[in-house]
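K.L.:
could you look at this predicted model? Sequence included:
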Amino acid sequence: MEDIKRIKPAMLKGTVSIPPSKSIAHRAVIAAALSGEDCTIENVAMSEDILATVRCMRELGAKCRVNSKSMTIKISGKKTYRPKDMITLDCGESGSTLRFLIPVALSRGVPVKFVGHGRLMQRPLTPYLNIFKERGISFAAGDNCIILNGSLKSGSYSIAGNVSSQFITGLLFALPALRGDSEILVSGELESKGYVDLTIDVLSKFGIKIDNYKYKLFRIRGGQKYKSCGEIKIEADYSQAAFFLVADAIGCSVECMNLNPDSLQGDKAIIDIIKSSGARIVKGPNGGLMAKKTAVMHGITVDARDIPDLVPITAVLCSFLSGQSRIINAGRLRLKESDRLKSTASELSRLGVDIKAERDGLVINGRELLEANVCSSWNDHRIAMAVAIAACRAEGDVEITGAGKAVKKSYPDFFEVHDRLSGQL
């Protein structure tokens, strides 16, 4: 059956329970598995990315039991890992799984083969490759895999701040358990600081201490042991809430439930982005969060250096603002599940938006209503969901090809929620 989602223009209305944070869940699964002790992770959305991390931790010796119905992952008992000739870790299309687990797997001291799908193995691994050369770790790359042979040791590691923070997170997982102290030196300004904050926060819940010196230096005492946290509940995801909050800001009425106002998630910045456009952020009748469209909304400039995942849906917001908007410092989006600057500009252009992709950003001139058309998901969950929200204010039906498969990566029931809110079930 062809995977096409047809959306009839309609203002979304109702309440939505925002799904749990994929970023925090990845980190909790890895830390719990490294403890080798009983731990229950509650409120986990079993997306393809999270299941890839679970699958890999099982290969590394963890006992993980997934209950999709109750949204829990139980990690129990002593690790069953035994040295093998080679470990094979299938990361699916999950960049977090791949980059977080490369240092963890190398601490095992046996060859490891990482397998990826889609564009995963086209996404850069340069910081790790530089480390491998310095530390005598051999690597060989294939079309959809990379094979590593060597052992990660404690010591001093240098990483440029303008690459993905996922490389720092990977080292923060592995280095505490090694013999000897380590440090990570960051050159330049660290981008996506919020994701590193999430890592350090989750590690602390599992007994691991990281000393952070203004994001320029991280000191890690060696010989630390991961300890069970007993139970940990994953908080709601601001990067997913962003789709519905932007829907509100363009005229819908969706109340977003369960968001933590004190969250460390960097994507909580969507609230400030919406406010900067002239829209209001208010509490809904059930205590949830809503945005309110106003008559004074205007073009904005958004620095995406620390919030790359918000760019597609922020571009949708800008598509309806009067005047010109710019999204800057977003060059890293060219190396995501799709080239997100190109794909965002392409699909919003199909809907009649005056939008141009530049080297590291987008320039958008807003309009009142969009046009009907057939769009592509680019096999990218955030593009599929962004187009669906934009379609709320189209003058005719919008079709999205590859939509169902794309959203399985992070928000499997997104279109069921969307249809309920639009009255199109």
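P.N.:
Done, it's in.
K.L.:
what does stretch 44-53 contact?
P.N.:
19-20, 22, 25-26, 29-30, 66, 68, 71-73, 90-94, 96-97, 100-101, 234, 408-412 (C-beta atoms under 8 Å, 6 or more residues apart in numbering). Heads up, the C-betas are built off the backbone N, CA and C, glycines and all.
K.L.:
again, only this time at 7 Å
P.N.:
By C-beta atoms under 7 Å, 6 or more residues apart in numbering, the list of residues contacting stretch 44-53 from outside reads 19-20, 22, 25-26, 29-30, 66, 68, 71-73, 90-92, 94, 96-97, 234, 408-412.
K.L.:
repeat that for stretch 384-394.
P.N.:
The contact list for stretch 384-394, computed with C-beta under 7 Å, 6+ apart, reads 7, 9-12, 243, 246-247, 250-252, 312-313, 315-316, 319-320, 344, 347-348, 351, 369-372, 375, 377, 398, 400, 403, 406-407, 411, 414, 418.
K.L.:
out of the contacts of stretch 44-53, which are buried?
P.N.:
With burial judged by 16 or more other C-beta atoms under 10 Å, the buried subset of those is 19-20, 22, 25-26, 29-30, 66, 71-73, 90-92, 94, 96-97, 234, 408-412.
K.L.:
so which of these belong to strands?
P.N.:
Secondary structure of those is defined by DSSP state E; positions in strands are Val66, Thr72, Ile73, Asp90.
K.L.:
ok, these vs Arg382, which is closest?
P.N.:
Proximity of those to Arg382 was ranked by C-beta to C-beta; the top entry is Asp90 with 22.6 Å.
K.L.:
what is that closest one paired to in the beta sheet?
P.N.:
Here Asp90 sits in beta bridges with Val115, going by DSSP bridges.
K.L.:
that one against Val54, yeah?
P.N.:
No: shown here, Asp90 and Val54 do not form a contact pair, counting by C-beta atoms under 7 Å, at 11.3 Å.
K.L.:
ok, how many other residues are close to Ala295?
P.N.:
Here the count is done by other C-beta atoms under 10 Å, and Ala295 has 6 residues near it.
K.L.:
mind listing what Ser96 touches?
P.N.:
Residues in contact with Ser96, defined by C-beta under 7 Å, 6+ apart, are His26, Asp49, Gln166.
K.L.:
ok, now which ones touch the last one?
P.N.:
Listed by C-beta under 7 Å, 6+ apart, the contact partners of Gln166 are Gly95, Ser96, Arg99, Phe100.
K.L.:
make it 8 Å
P.N.:
Going by C-beta under 8 Å, 6+ apart, the list of residues near Gln166 reads Gly95, Ser96, Arg99, Phe100, Tyr195.
K.L.:
coming back round to it: let me know the closest of the contacts of Ser96 to Tyr157.
P.N.:
Relative to Tyr157, and with distances defined as C-beta to C-beta, the nearest of the contacts of Ser96 is Gln166, at 14.2 Å.
K.L.:
assumed Glu183 was part of a helix.
P.N.:
No: under DSSP: H, G, I helix; E, B strand; the rest coil, Glu183 falls outside any helix and is assigned strand.
K.L.:
identify the residues contacting it.
P.N.:
By C-beta under 8 Å, 6+ apart, the contact set of Glu183 is Ser156, Tyr157, Leu217, Phe218, Arg219, Ile220.
K.L.:
what about the contacts of stretch 384-394, which are in strands?
P.N.:
The subset of those located in strands under the criterion DSSP E comprises Ile7, Cys375, Val398, Ile400.
K.L.:
farthest pair in those residues?
P.N.:
Across these (C-beta to C-beta), the longest gap, 9.7 Å, separates Ile7 and Cys375.
K.L.:
counting neighbours, go ahead and name the busier of these two.
P.N.:
Legend: neighbour count by other C-beta under 10 Å for Ile7 and Cys375, higher for Cys375 (27 against 24).
K.L.:
quick one: the strand or helix carrying Ala32 to chain centroid distance?
P.N.:
Assignment of secondary structure by DSSP states H and E places Ala32 within helix 22-35. In terms of C-alpha atoms, centre = their mean, to the nearest Å, the gap separating the centre of helix 22-35 from the centre of its chain is 14 Å.
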